[in-house]
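Chemist: How does the following fold in three dimensions:
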Amino acid sequence: MTHILEIFIDRTAISTLKTSLVREGDRGIDQCQFTVRKDQSVSINQRVELIYDLISVEGLVAYYGFQGGVKDESTKLHHGTATSLTYTDETEFFGKQAIFNGTTSFVSIPDTNNLDLLGVFDIMLWAKWSSTTEQFILSKRSTTSNGLALSVNAVTAGDVKFMIGSSSITSSSAGFNDGNKHLIRIKRDSDNLITLYIDDVSKGTVTSSYDPTNTNVLLMGKDFGGSFFAGKLLRIRIYKGENKTTDEATKIFTSINPRNILKFGGYVTKMDLELTHTKITALSYGKILAETDVRGDVFDNQQVETIVESLITNNTSFTFNDRELATGITIDQFLSDGKLIDIIRDFASISNRIFYTTPNEEFFFEPASFTSVSTIFTHGSRVIIGKSAYDDAQLVNSITLIGSIIEYKTNKTFSGNGTTTLFALDYSATSLEVQVGGVIKTPDIDYILDSLNKEVLFTVAPIVGVNNVSIEYFYEIPNTVKGEKPSSIAQYGLHSKTFNLSWIFNRTDGVRFIQSYLGRYSKVNQNISLRFGEPILYINENDILNVVNDYININGTFAVKSITWNYPELNTEIVVGEYRFDYFENEKEIIRKLHDYESNLTKTKEVEDYESPEEIIVLGDIFIQYVESLYTETLNISDTKIVHDKSVATYGGGSSYGSYTTGDVYAWLIR
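Modeler: Predicted coordinates for the structure are as follows:
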């Protein structure tokens with residue numbers, strides 16, 4: 001079987017029985033589930049990487065997709081360093097392409113054994129150029145007679161030439177410098193026959209057993225002495241020890257190429273052990289943003305992207321990338337406090353940007369934009385299109401959150417009358433000292449504590465006296481916050497939960513948790529699903545798709561919200577419309593664990609005792625809390641219409657893509 005998918009555990013490829021990858025879109029935590037044999041060694045927190053390509057990935061030693069960076073997506077870590085490289089949108093494969101300016105632009109990749117192409121090799125790359133003088137696309141050599149190199153316009157404008165040692169092939173036809181994309185392929189087989197293909201057609205051969213092994217860096221966009229390339233590169237694949245078949249090469253030429261083949265990178269977070277196999281769940285590196293607390297960083301008079309870069313660089317291992325486009329927004333003063341993902345989300349909102357992490361541990365903070373996929377997806381033509389709705393408001397719309405337990409000490413005095421034996425406390429005592437007339441009394445002999453009913457019962461009534469009965473006691477009060485969605489309760493009934501989360505240490509964190517939790521359950525999720533019986537690898541989250549199913553009145557453009565790939569079934573499901581947060585496996589697992597905590601308090605507490613008059617906070621898409629010195633203890637959150645999509649120049653005045661809210665797409669609101 002052709003292995004178009006491969007999973008690596010700590011950089012070592014493993015065999016899997018079944019794989020499912022779910023990508024959830026902008027700001028989501030992607031999830032990969034795979035099943036391995038019982039004897040396969042996998043442990044919690046091991047690194048997981050997954051590559052998925054149009055053709056076999058066996059022998060792949062380097063892949064560069066040029067989607068805003070020059071990191072290697074083959075998992076072999078042959079990352080490049082770019083100089084004077086820029087990127088622009090590319091509509092035929094969708095996504096981006098790298099622009100080489102012909103004077104200073106190039107990419108340098110350090111030498112490794114994997115890049116020494118002795119024996120069988122296969123190189124495939126897409127390029128565009130209009131120049132007429134000889135320029136170099138690839139080079140790994142120090143003189144014109146060693147190593148290897150690939151140039152254009154060598155003899156005639158628009159030709160292609162491949163050099164290996166003292167041998168070379170120049171394409172038998174020219175004119176490829178027409179500014180259109182062309183697939184250049186160089187293949188050496190086991191008989192040392194080297195063939196140069198342009199657009200899937202052989203343009204010449206040479207036989208050479210020359211070993212181009214050397215210690216020089218691999219250059220893209222120039223030769224060792226200069227001759228810079230003026231043009232664009234879209235994709236580069238390098239295979240060692242493997243030749244792709246004619247069918248595979250044709251597929252590369254005729255199909256829409258994926259922007260990225262490294263589809264997932266993260267850590268093993270859960271293992272379900274079965275009798276004959278193990279089912280493993282891994283969460284992407286994006287979860288690091290949600291797990292990282294930032295406290296006390298102060299920024300004065302700095303731009304938004306500068307603050308975000310500092311937060312990411314100082315608190316994570318991500319490589320920061322902002323596409324080199326300044327927002328122009330300066331913050332007079334900012335004190336970071338809270339979860340990193342919340343802070344970044346706020347900055348993305350005020351600057352109309354999106355952020356995401358990649359499997360190569362990159363963090364992108366870039367202008368909010370959509371890639372419009374020109375293909376029209378019509379029901380019955382390679383795809384089944386259906387509507388779906390999921391009423392997540394029935395899961396929960398009222399939360400009582402009990403945070404960390406805080407211990408207090410107080411003293412209460414009573415006046416004995418010689419007959420009263422039962423005295424009421426204000427709180428449930430955990431320990432106490434009782435005195436009558438200054439004499440300490442013995443517990444269980446002189447008195448009994450009823451902590452549940454908050455009472456002290458004396459065996460003999462204290463003598464008459466003014467404030468002569470003194471009870472000094474410790475009691476505990478949990479940090480409690482209550483949140484509700486009244487409109488949801490009115491429509492669906494009350495669905496409440498009590499969460500005991502000891503890691504909530506203050507009310508600010510408690511309010512943030514409730515906002516996040518209730519914000520995920522907003523009325524009814526309306527989604528449109530596209531099911532394909534084949535891998536669809538060129539579509540990414542936040543792309544805009546044209547979807548048509550006249551039978552159920554679907555005809556319009558929608559934003560991609562999640563993508564699921566299944567292997568070895570080789571099918572794809574794409575959901576457009578609103579986010580389905582409740583479908584996250586990690587969300588369901590968190591909810592399950594939280595419910596397990598319900599009512600499991602170490603000591604009896606009555607939450608109602610600690611509630612006070614309500615404060616109403618409207619929950620919108622983005623919420624920034626201004627902290628005051630006084631708080632009430634009940635938080636009431638009411639519904640507002642949520643536009644789930646972001647504004648962008650091309651689409652800012654259009655209708656909302658797949659959201660249940662009709663009308664214009666607005667910029668994010670900060671309330």
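
Chemist: Tell me where this protein has helices.
Modeler: Under the criterion DSSP state H, the chain carries helices at the ranges 246-254, 287-291, 304-315, 340-350, 486-492, 507-519, 585-597.

Chemist: between the third one and helix 340-350, how many degrees?
Modeler: Right, helix 304-315. 170 degrees (axes from the mean of the first three to the mean of the last three C-alpha atoms, to 10 degrees).

Chemist: Just the CA atoms of helix 304-315, as PDB, please.
Modeler: Taking C-alpha atoms only, helix 304-315 is exported to PDB below (Å, rounded to 0.1, in the frame of the first residue of the first chain):
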ATOM      1  CA  VAL A 304       0.500  45.400  19.600                       C
ATOM      2  CA  GLU A 305       2.700  43.000  17.700                       C
ATOM      3  CA  THR A 306       5.700  43.900  19.800                       C
ATOM      4  CA  ILE A 307       3.900  43.000  23.000                       C
ATOM      5  CA  VAL A 308       2.600  39.700  21.500                       C
ATOM      6  CA  GLU A 309       6.000  38.800  20.200                       C
ATOM      7  CA  SER A 310       7.500  39.400  23.600                       C
ATOM      8  CA  LEU A 311       4.800  37.300  25.400                       C
ATOM      9  CA  ILE A 312       5.200  34.400  22.900                       C
ATOM     10  CA  THR A 313       9.000  34.500  22.900                       C
ATOM     11  CA  ASN A 314       9.400  34.800  26.700                       C
ATOM     12  CA  ASN A 315       6.700  32.200  27.700                       C
END
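
Chemist: quick one: residue 52 and residue 7, what's the gap?
Modeler: Distance, residue 52 to residue 7, using C-beta to C-beta, to the nearest Å: 10 Å. Where you see a C-beta, it was placed from the backbone N, CA and C, and this is true even at glycine.

Chemist: what's the answer for residue 229, then?
Modeler: Going from residue 229 to residue 7 by C-beta to C-beta gives 35 Å.

Chemist: Could you do residue 498 as well?
Modeler: According to C-beta to C-beta, residue 498 and residue 7 sit 40 Å apart.

Chemist: Which of those two has more residues huddled nearby?
Modeler: residue 7 (24 against 19; other C-beta atoms under 10 Å).

Chemist: got a list of what that one touches?
Modeler: Listed by C-beta atoms under 8 Å, 6 or more residues apart in numbering, the contact set of residue 7 reads 13, 14, 16, 19, 32, 34, 48, 49, 50.

Chemist: And for the fifth one, the neighbour number?
Modeler: Pointing back at residue 32 there. Counted with other C-beta under 10 Å, residue 32 comes out at 26.

Chemist: That one and residue 18 touch, don't they?
Modeler: No. When contacts are counted by C-beta atoms under 8 Å, residue 32 is not listed as touching residue 18 (11.6 Å).

Chemist: now the strands for the stretch 451-600 of the chain?
Modeler: For the stretch 451-600 of the chain, applying DSSP state E, counting those that start in this stretch gives strands covering 455-458, 469-484, 496-500, 525-532, 544-549, 554-567, 571-577.

Chemist: Least confident of the ones you listed, on average?
Modeler: Per-segment mean pLDDT for these reaches its minimum on strand 496-500, at a mean of 75.

Chemist: Buried residues in that one, which are they?
Modeler: Of all the residues in strand 496-500, those buried under the rule 16 or more other C-beta atoms under 10 Å are 497, 498, 499, 500.

Chemist: what packs against it?
Modeler: Packing contacts for strand 496-500, counted by 3 or more C-beta pairs under 8 Å, 6 or more residues apart in numbering; DSSP states H and E, involve strand 398-414, helix 585-597.

Chemist: Looking at the buried residues of strand 496-500, which is nearest residue 64?
Modeler: Using C-beta to C-beta, residue 499 comes nearest to residue 64 of the buried residues of strand 496-500, at 46.2 Å.

Chemist: Against residue 515, how distant is that closest one?
Modeler: 14 Å.

Chemist: Ok, residue 116 next?
Modeler: Distance, residue 116 to residue 515, using C-beta to C-beta: 55 Å.

Chemist: Least confident of the helices and strands packed on strand 496-500, on average?
Modeler: Among the helices and strands packed on strand 496-500, helix 585-597 has the lowest mean pLDDT, at a mean of 43.

Chemist: give me every residue that touches residue 106.
Modeler: Residue 106 is in contact with 82, 83, 84, 85, 100, 219, 220, 221, 222, 228, 229, counting by C-beta under 8 Å, 6+ apart.

Chemist: of those, closest to residue 429?
Modeler: Of all these, residue 429 sits closest to residue 82, with 67.1 Å by C-beta to C-beta.

Chemist: Only the buried residues of stretch 296-310, if you could.
Modeler: Within stretch 296-310, the residues that count as buried by 16+ other C-beta under 10 Å are 299, 302, 303, 304, 305, 307, 308, 309.

Chemist: okay, those residues in JSON lines with pLDDT and distance to residue 424 next?
Modeler: As requested, those are exported to JSON lines (pLDDT from 0 to 100; distance: C-beta to C-beta, whole Å):
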{"residue": "299", "pLDDT": "89", "distance to residue 424": "52"}
{"residue": "302", "pLDDT": "89", "distance to residue 424": "57"}
{"residue": "303", "pLDDT": "88", "distance to residue 424": "60"}
{"residue": "304", "pLDDT": "89", "distance to residue 424": "56"}
{"residue": "305", "pLDDT": "89", "distance to residue 424": "60"}
{"residue": "307", "pLDDT": "91", "distance to residue 424": "54"}
{"residue": "308", "pLDDT": "92", "distance to residue 424": "55"}
{"residue": "309", "pLDDT": "92", "distance to residue 424": "59"}
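
Chemist: And the furthest pair within these?
Modeler: 299 and 305 (11.8 Å).

Chemist: on that earlier part again, which stretch among the helices of the chain comes nearest residue 408?
Modeler: Here helix 507-519 is closest among these (C-beta to C-beta), at 16.1 Å.

Chemist: What is that closest one packed up against?
Modeler: Contacts defined by 3+ C-beta pairs under 8 Å, 6+ apart place helix 507-519 against strand 330-339, strand 398-414, strand 469-484, strand 634-638.

Chemist: With only the CA atoms kept, save that helix in CSV.
Modeler: Extracted in CSV, the C-alpha atoms of helix 507-519 (Å, rounded to 0.1, in the frame of the first residue of the first chain):
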residue,chain,number,x,y,z
ARG,A,507,-12.8,35.6,41.4
THR,A,508,-11.1,37.0,38.3
ASP,A,509,-10.1,33.5,37.2
GLY,A,510,-13.5,32.2,38.1
VAL,A,511,-15.3,34.8,36.0
ARG,A,512,-12.9,34.1,33.1
PHE,A,513,-13.7,30.3,33.4
ILE,A,514,-17.4,30.9,33.4
GLN,A,515,-17.3,33.3,30.4
SER,A,516,-15.2,30.8,28.5
TYR,A,517,-17.4,27.9,29.4
LEU,A,518,-20.8,29.4,28.8
GLY,A,519,-19.5,31.2,25.7
